[in-house]
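[1] After the sequence you'll find the predicted model.
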Amino acid sequence: MRRFVFSAGLLFLFCESAMAENAASFNAARGSSAVLAPDFQVVASSPDPEHIFLGSPAIAKLPSGRYVVTYDLFGHDAHGCVVLTSDDDCQTWQTRATVDLTWASPFVLGDHLYLLGSRLPTREIAIARSADNGRTWSPPVTLFEGSFRGACVSVIFHNGRVYRAFEGQAPPPDEISSGWTSLVVAGDLAGDLLDPASWRISNAVSYPGTPKSLTQGLHVHDARIKKGKEGWLEGNVLEKDGRLLVLLRTRMQAQTTANMTSVCEVTDDGKQLSNRFLQFYPLPGGQNKFHILRDPQTGIYWAATTQVSDSFQHVDPLLKIGFKGTGGNERRIQVLMYSADAWNWFQAGFVAFTPKLLECFSYGWLMIDGDDLIVLCRSSLGGRNNHDSNKITLHRIERFRELVPKDLFRPIPRVHWNTQ
């Protein structure tokens, strides 16, 4: 297994013995051809894995053929979105910039590359642009004032507009709810995306509360469980039969009720952008951050999710070894799924997994690259724990469309919903 380790301004090389040990460990853990990308590259590595962590990984490909990876630095006063580029098919990476954004999603429009996220340190919604293939960047421009959060989530183009979801910070209504609201922003592709006048923002929708039938009330008042409050975050916008939906990561009873997503629906008449809660729906891995991407060639939806093996396991032994959260926060199993309708999902296989509870392959970001599918992960390999990730890893799944059985999805007449 070949591994290339790069970080912001620093190059880290594994010694041969460490590489051999890691390769043997992961090959032993694999034990099945169901692992779709057993070999992977370490694109970035923390210079101080006990204090500085890497998150929010994303990748884009420019018309020139250049690949661009972005990720966040967090912890111990580290901050900013690091930009790396590769001109040799992802074999080597060069640090280009650090942009004062967090949870930023990259997208390409014409010859320009954009980063849409939250400004540091105020967390306003902001955007930055590069006109030279990611080498230099405009100062971030504030689009909407306030305090917003999210992740590097999906960006889609629909009816001449670009859409992305965020979460707003509202005062928690009670000690159980996180208080985060769901909202969507839309940019007019005919305008200047660095001009706030080109953008609109939807109403903010509060988490409707977890139905009692979906919870046993575990860990609600357990002060040892950090971020144990219920709610939603890190929503993905997608288009389904003419409808715009937002599927959100959903924490129910500190993630012990796993594999659920919250679905909101967005309507846009060009003037008013409206958002409303639609329903809860099963989604394997929905308790942690996921990424959904539609293949324009086939119309099939693909999802990278973090699935768990035992969400209801007792937390005492987990906390004793330094595990972050409940069993529902297990992040060591990254899974690829596909769907014809974005509601009902089939498992294609494991992208990667590790047998160690304190390690992870999480926050997967998907990008189609010709006949291949790239999954970029926020990973903890020999790091501090399952949350404080020390690496960004790149997993390439070759000929990914062949994972769908040829006759699985027979032609089904599609009806475009009139939701105006």
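    That came in fine, so what should we check first?
[2] got the residue ranges for the helices in the stretch 301-420 of the chain?
    Counting by DSSP state H, counting those that start in this stretch, the stretch 301-420 of the chain has helices at residues 315-320.
[3] Find the residue at the geometric middle of the chain.
    Tyr363 (4.4 Å; Cα atoms, centre = their mean).
[4] Output stretch 285-295 in CSV with nothing but the alpha carbons.
    Extracted C-alpha coordinates of stretch 285-295, given in CSV (Å, rounded to 0.1, in the frame of the first residue of the first chain):
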residue,chain,number,x,y,z
GLY,A,285,-25.9,6.3,8.9
GLY,A,286,-28.3,9.3,9.3
GLN,A,287,-27.1,10.0,12.9
ASN,A,288,-23.8,11.2,11.6
LYS,A,289,-22.7,13.5,8.8
PHE,A,290,-23.4,12.1,5.3
HIS,A,291,-23.0,13.3,1.7
ILE,A,292,-25.5,12.7,-1.1
LEU,A,293,-24.5,13.1,-4.8
ARG,A,294,-26.6,12.5,-7.9
ASP,A,295,-24.8,11.0,-11.0
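[5] which residues touch Ala170?
    Contact partners of Ala170, counting by Cβ atoms under 8 Å, 6 or more residues apart in numbering, are 179-181, 204, 206. In short, each C-beta sits where N, CA and C put it, glycine included.
[6] now do Leu408
    Phe346.
[7] distance of it from Gly285?
    Between Leu408 and Gly285 the computed distance is 21 Å (Cβ to Cβ, to the nearest Å).
[8] Same question for Phe323.
    Phe323 sits 18 Å away from Gly285, going by Cβ to Cβ.
[9] Tell me which of these two has more neighbours.
    Neighbours were counted for Phe323 and for Gly285 using other Cβ atoms under 10 Å; Gly285 has more, 25 against 19.
[10] Check the secondary structure at the more buried one for me.
    Using DSSP: H, G, I helix; E, B strand; the rest coil, the structure places Gly285 in coil.
[11] which residues touch it?
    By Cβ under 8 Å, 6+ apart, the residues touching Gly285 are 258-259, 303, 305-308, 335.
[12] got it, and Ser182?
    Taking Cβ under 8 Å, 6+ apart as the test, what Ser182 contacts is 165, 167-168, 204-205, 207, 232, 235, 246, 248, 262, 264, 275, 277.
[13] Identify each buried residue in stretch 52-69, please.
    52-62, 66-69 (16 or more other Cβ atoms under 10 Å).
[14] whoops, I mixed them up, stretch 233-249
    Along stretch 233-249, these residues count as buried under the neighbour rule (16+ other Cβ under 10 Å): 233-240, 243-249.
[15] any idea how far it is from the chain center?
    Counting by Cα atoms, centre = their mean, to the nearest Å, stretch 233-249 is centred 13 Å from the centre of its parent chain.
[16] Extract the C-alpha set from it and format it as CSV.
    The C-alpha trace of stretch 233-249 is given here as CSV (Å, rounded to 0.1, in the frame of the first residue of the first chain):
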residue,chain,number,x,y,z
LEU,A,233,-27.4,19.7,11.5
GLU,A,234,-25.3,19.3,8.4
GLY,A,235,-28.2,19.2,5.8
ASN,A,236,-27.8,18.1,2.2
VAL,A,237,-29.9,19.7,-0.5
LEU,A,238,-30.9,17.5,-3.4
GLU,A,239,-33.4,17.6,-6.3
LYS,A,240,-36.0,14.9,-6.6
ASP,A,241,-38.5,14.9,-9.4
GLY,A,242,-38.6,18.7,-9.5
ARG,A,243,-38.7,19.0,-5.7
LEU,A,244,-35.9,20.5,-3.6
LEU,A,245,-35.4,18.4,-0.4
VAL,A,246,-33.0,18.9,2.5
LEU,A,247,-31.9,15.7,4.3
LEU,A,248,-30.4,16.4,7.6
ARG,A,249,-28.2,14.5,10.0
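[17] For the contacts of Ala170, which two are the farthest from each other?
    Gly179 and Ala204 (10.8 Å; Cβ to Cβ).
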